[in-house]
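**Q** need coordinates for the following:
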Amino acid sequence: MRLTLVAIHIEPSPRALPLGPANLASVLRRAFPDLVQTHIVDLYAGQPAAECVDRILATAPDGVGLSMYVWNRHLSMEIAALLKARAPALFVFAGGPEATADQQRVQADPAVDFVLPGEGETLIVEAVTRLLQGAAPRELSGWARQAPVKDFAGMPSPFLDGTLDLARYTGVLWELARGCPFTCSFCGEARGPAGTRRVPLERLEAELDLFQASGVSEVFVLDPTFNYSKPLAKKILSLIAERAPEVQFFFECRAEFLDVEMAALFAALNCTLQIGLQSAHVAVLKNIDRTFNRKLFEPKVLLLHEAGVAYGFDLIYGLPGDTLDGFKESLDFAMSMAPNHLDLFLLSVLPGTRLSETAAGFALEHQVDSPYSVTRSPTFGPDDLAQAGRIARACDVFYNHGKAVPWFDLVLSALRMAPSEVFERFADALEASSTDDVIELQRDFVRALFQERDADLVGSLAADLITYFGHSAALMDGAEATDSRLGAYGHDIEALVARLEAGQTDLEELALAVPAGPCEGRLRRDAGELSLEVVRT
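**A** Predicted structure coming up:
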C-alpha cells in the first residue's frame, strides 16, 4: 500500500515542517516496514487545487491523508474532490484539528472516506490494519474514536528515524508535550485529554544533538505552556544551552511561572518568548475562563526585560464583553512593557471549543465556516471590529515589521501619545500610502506628527533615528545579501549615535545638542558587529 500524507502550510517559512504527517509516517514505517510505503507532500495555502493534486498524484498513491487546519480546510476539501474525480480508485481520509472539531461535516463530504479524529498515531495503525485485511475505506466511516497517545516513550521520533530529512527544511517544529493544564474556552487544547503528556528527556536530548549536528537554525517549541513545570523547564533550558547553543528557539510561556533563575536560563540562549496576554481586563478574561493579575504579571515580565530576553505578547480583539476602547487599553498596557513584538488577532469561535457552545449566551455572532471569525457582539459592533483590525494591521507593519523597538518609546514620549493612538493614526497613513518601504513610511508619518506640534526639528531627528535603526535591523537580520547600507540623515548621525550610547534619550534635548545638517552614513556589518562611517556631509 502506498500512502501519501499531505501537509498544507500557510506559506513557505521556517515553521512549514510537516510534523503531523511525519509522526504518522514514522509509526507506519515501524508497524508495516514491508507492507506500507509512505510519502509526505508539502503544499501551501496559496497554491491552486489542481496544482496540489498534480503533486499528490505524482506519488502514485493508493490513499491520501489530508492534515486539516482552519487555514487550509477549504483547499483541503477542494483537493479531496479533485482527487476523487481524477483517481476514483484511491481513498481519501482527513485528520488534524479542523477535521477533529467538525468531524460530522467533514465526514459527510462524499470526497472523504473517513476521518481520524484527535491524535492519529494509534488510529492510523488500526485503520491501515483494517484496510490491509480487506475492509473497504468507506467501512471506516464513523468507526474511529479519539485515542490519545498515553506514553510517548513508545512513540518513534520522525527526526531520529530519518522520516524527516532536516536538510529539506529551514526550521523545526519540536514537540515537547501534548495537552494543556488550562481550560481557556477559545482554545481547542482545553478539550483535549486531561493533563499534559511529555516526551521523554532521553529522546529530547538525542533530538537536540541531531538539530545541532544538522545545522538547524530555528526551532519552534510545541508546548502550549512550556514553563508550567518550573523544574522541567529549567532542565530543558539547560539541555538546550549544553547541546544546541547555536540554534534559535521560540517558546510559548505564561508570565506567572517565570522567576529570576528561569529568566537567566532563557537569557543564556538565543531565544524568543511568546506570552498569551489576550486582554488586560479581568472581567473580559473571565468570560473565556482565563485569569489575570496585573500586579503579578508586570514584575514577572520585568524579569525578562532586565535579563535581556526577547519576548512578545498575544492580544485578541472581539472577546465577549470587550469593547474597542477596552482593546486599545489592553494594547497600551502591553506596549508599556516594551515587547519585542505584538501579535493582535481577531477572535475565532472554533468548532469544538467551549466558546462555540457559550457564544450564543454572550450574543456573539460569528462565521459558521472557516475561519469562524467574530462578526458582531453587543459591545463590539462590526465597525469597531473593522477599526480594531485596522489598528492590528498598522501595529504589525509599524512596530513588528518596522523593527521599531529601539526607538518607539523615545518617539512616543516626545509625542506624548498613547501607542494605540499612534497605530490608529498610522492606519490612515498606511491606507493612503503607495510605498512598500516601511522605513520611508515610518519616517514620513512620524515627521508629520511632529510637524502638527510645530516641532519640525525634533521630527527630523526622530526620522534620523528611524533610518539608523531601520538599516541596522535589516543588516543584523541577515535577510539581505548586502553587508552595508547607505542612509541619508538630517543631523550629524555619528554625534546622535554617540549621545544615545551615552544614555541621552530625550529627543527634544538631542535635537538641541546634535548638529543639524545633511549627511550620508554607511552602516556596515562585519562578523556580527555594526560600524558607522559618515561618507558625505
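**Q** output the below-cut-off pLDDT ranges for the stretch 401-537 of the chain.
**A** For the stretch 401-537 of the chain, residues meeting the criterion pLDDT under 70 lie at 478-481.
**Q** what segments of it are strands?
**A** Assigned by DSSP state E, counting those that start in this stretch, the strands in the stretch 401-537 of the chain fall at 484-491, 516-526, 529-536.
**Q** among the ones you listed, which is nearest H39?
**A** Using Cβ to Cβ as the criterion, the shortest distance between H39 and these is 41.5 Å, found for strand 516-526. Glycine gets a C-beta too; all of them are placed from N, C-alpha and C.
**Q** and the contacts of the closest one?
**A** Contact with strand 516-526 is made by 457, 460, 468, 471-472, 475-476, 483-494, 530-537, as judged by Cβ atoms under 8 Å, 6 or more residues apart in numbering.
**Q** again, but for stretch 274-291
**A** Residues external to stretch 274-291 that are found in contact with it (Cβ under 8 Å, 6+ apart): 182-186, 190, 250-255, 292, 294, 297, 301, 311-316, 319-322, 326-327, 329-330, 333-334, 343, 354-355, 362.
**Q** and the closest residue to F152 other than its chain neighbours, how many neighbours does it have?
**A** Setting aside the residues directly before and after it, F152 is nearest to V199 in space (Cβ to Cβ, 6 or more residues apart in numbering), at 4.7 Å. When counting by other Cβ atoms under 10 Å, one arrives at 19 neighbours for V199.
**Q** residues in contact with V199?
**A** Applying Cβ under 8 Å, 6+ apart, one finds that V199 lies in contact with 152, 175-177.
**Q** re the thing from before, could I get the strands of the stretch 401-537 of the chain as a markdown table with mean neighbour count?
**A** As requested, the strands of the stretch 401-537 of the chain are exported to a markdown table (neighbours: other Cβ atoms under 10 Å):
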| stretch | mean neighbour count |
| --- | --- |
| strand 484-491 | 18 |
| strand 516-526 | 15 |
| strand 529-536 | 12 |
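**Q** so in this protein, which helix runs the longest?
**A** Identified as the longest helix of the chain according to DSSP state H is helix 456-477.
**Q** strand 484-491 and that one, what's the angle between them?
**A** 170 degrees (axes from the mean of the first three to the mean of the last three Cα atoms, to 10 degrees).
**Q** which residues does the nearest residue to R443 once chain neighbours are set aside contact?
**A** Nearest residue to R443, sequence neighbours excluded (Cβ to Cβ, 6+ apart): A463, at 4.3 Å. By Cβ under 8 Å, 6+ apart, the residues touching A463 are 443, 446-447, 490.
**Q** which of the residues you listed fall within helices?
**A** The subset of the contacts of A463 that ends up in helices is 443, 446-447, with DSSP H as the criterion.
**Q** and which of these is nearest to A392?
**A** Closest to A392 out of these is V446 (19.9 Å), distances taken as Cβ to Cβ.
**Q** check contacts around that closest one.
**A** With contacts taken as Cβ under 8 Å, 6+ apart, V446 has the following neighbours: 411, 459, 462-463, 466.
**Q** take the strands of the stretch 401-537 of the chain and lay them out in CSV including distance to P339.
**A** Output for these, formatted as CSV (distance: least, Cβ to Cβ, whole Å):
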stretch, distance to P339
strand 484-491, 26
strand 516-526, 25
strand 529-536, 23
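**Q** can you pull out the strands in the stretch 51-200 of the chain?
**A** Listed in chain order, the strands of the stretch 51-200 of the chain (DSSP E, counting those that start in this stretch) span residues 63-67, 91-95, 114-115, 172-175, 177-178, 197-198.
**Q** mean pLDDT, mean neighbour count and distance to D161 for the ones you listed - can I get that in JSON lines?
**A** Rendered in JSON lines, the data for the strands of the stretch 51-200 of the chain read as follows (pLDDT from 0 to 100; neighbours: other Cβ atoms under 10 Å; distance: least, Cβ to Cβ, whole Å):
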{"stretch": "strand 63-67", "mean pLDDT": "98", "mean neighbour count": "26", "distance to D161": "19"}
{"stretch": "strand 91-95", "mean pLDDT": "98", "mean neighbour count": "26", "distance to D161": "20"}
{"stretch": "strand 114-115", "mean pLDDT": "97", "mean neighbour count": "25", "distance to D161": "26"}
{"stretch": "strand 172-175", "mean pLDDT": "98", "mean neighbour count": "22", "distance to D161": "15"}
{"stretch": "strand 177-178", "mean pLDDT": "92", "mean neighbour count": "20", "distance to D161": "19"}
{"stretch": "strand 197-198", "mean pLDDT": "92", "mean neighbour count": "16", "distance to D161": "20"}
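**Q** redo those strands as CSV? Include distance to S214.
**A** Compiled in CSV, those are given as follows (distance: least, Cβ to Cβ, whole Å):
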stretch, distance to S214
strand 63-67, 24
strand 91-95, 28
strand 114-115, 34
strand 172-175, 9
strand 177-178, 23
strand 197-198, 23
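**Q** looking at the ones you listed, which is closest to A244?
**A** Evaluated with Cβ to Cβ, the strands of the stretch 51-200 of the chain place strand 172-175 nearest to A244, the distance being 10.0 Å.
**Q** now N293. Nearest residue, chain neighbours left out?
**A** Using Cβ to Cβ, 6+ apart and skipping residues adjacent in sequence, the residue nearest N293 is E256, 7.3 Å away.
**Q** do the same with H341
**A** If the residues on either side of it in the chain are set aside, H341 comes closest to G312, at 3.9 Å by Cβ to Cβ, 6+ apart.
**Q** distance of that neighbour relative to A338?
**A** Using Cβ to Cβ, to the nearest Å, G312 is found at 11 Å from A338.
**Q** more neighbours: which of these two?
**A** G312 (17 against 13).
**Q** for the more buried one, name its beta-bridge partners.
**A** Q274, H341 (DSSP bridges).
**Q** pLDDT score assigned to T183?
**A** With respect to pLDDT, T183 scores 89.
**Q** go on, E51?
**A** Confidence at E51, expressed as pLDDT, is 98.
**Q** what's the local residue count around it?
**A** A count of neighbours around E51, defined by other Cβ under 10 Å, yields 12.
**Q** in this structure Y44 contacts A7, no?
**A** No - taking Cβ atoms under 8 Å as the contact criterion, Y44 and A7 are not neighbours in contact, 9.5 Å apart.
**Q** overlap in contacts, those two.
**A** When Cβ under 8 Å, 6+ apart defines a contact, the residues bordering Y44 and A7 alike are A16.
**Q** have a look at these two and say which one is more surrounded.
**A** Each of Y44 and A7 had its neighbours counted (other Cβ under 10 Å), and the higher figure belongs to A7 (22 against 17).
**Q** from E98, how far off is the more buried one?
**A** A7 is 13 Å from E98, where distance means Cβ to Cβ.
**Q** same question, L441
**A** The separation that L441 has from E98, given Cβ to Cβ, amounts to 36 Å.
**Q** higher neighbour count, these two?
**A** The neighbour comparison of L441 against E98 (other Cβ under 10 Å) goes to E98, with 26 against 20.
**Q** neighbours of G321, how many?
**A** Here the neighbour count serves as a burial measure; for G321 (other Cβ under 10 Å) it reads 19.
**Q** next, it: secondary structure please.
**A** Local secondary structure at G321 is given as coil here, using DSSP: H, G, I helix; E, B strand; the rest coil.
**Q** hang on, it packs against L364?
**A** No - distance between G321 and L364: 9.9 Å, which falls outside the contact criterion (Cβ under 8 Å).
**Q** can you give me the helices for the stretch 301-450 of the chain?
**A** Taking DSSP state H, counting those that start in this stretch as the criterion, the stretch 301-450 of the chain contains helices spanning 324-335, 354-358, 382-395, 405-415, 419-432, 438-452.
**Q** among these, show me which one is buried the most.
**A** Neighbour counts averaged per stretch over these are highest for helix 324-335, at a mean of 21; criterion: mean count of other Cβ atoms under 10 Å.
**Q** list the contacts of that helix.
**A** Under Cβ under 8 Å, 6+ apart, the answer for helix 324-335 is 277, 279-281, 284, 294, 313, 315, 317, 342, 344, 380, 384, 387-388, 391, 395, 408, 418-420, 423-424.
**Q** and for stretch 206-222?
**A** When contacts are taken as Cβ under 8 Å, 6+ apart, the neighbours of stretch 206-222 outside the stretch itself are 14-15, 19, 157, 159-160, 166-167, 170-177, 239-240, 243-252.
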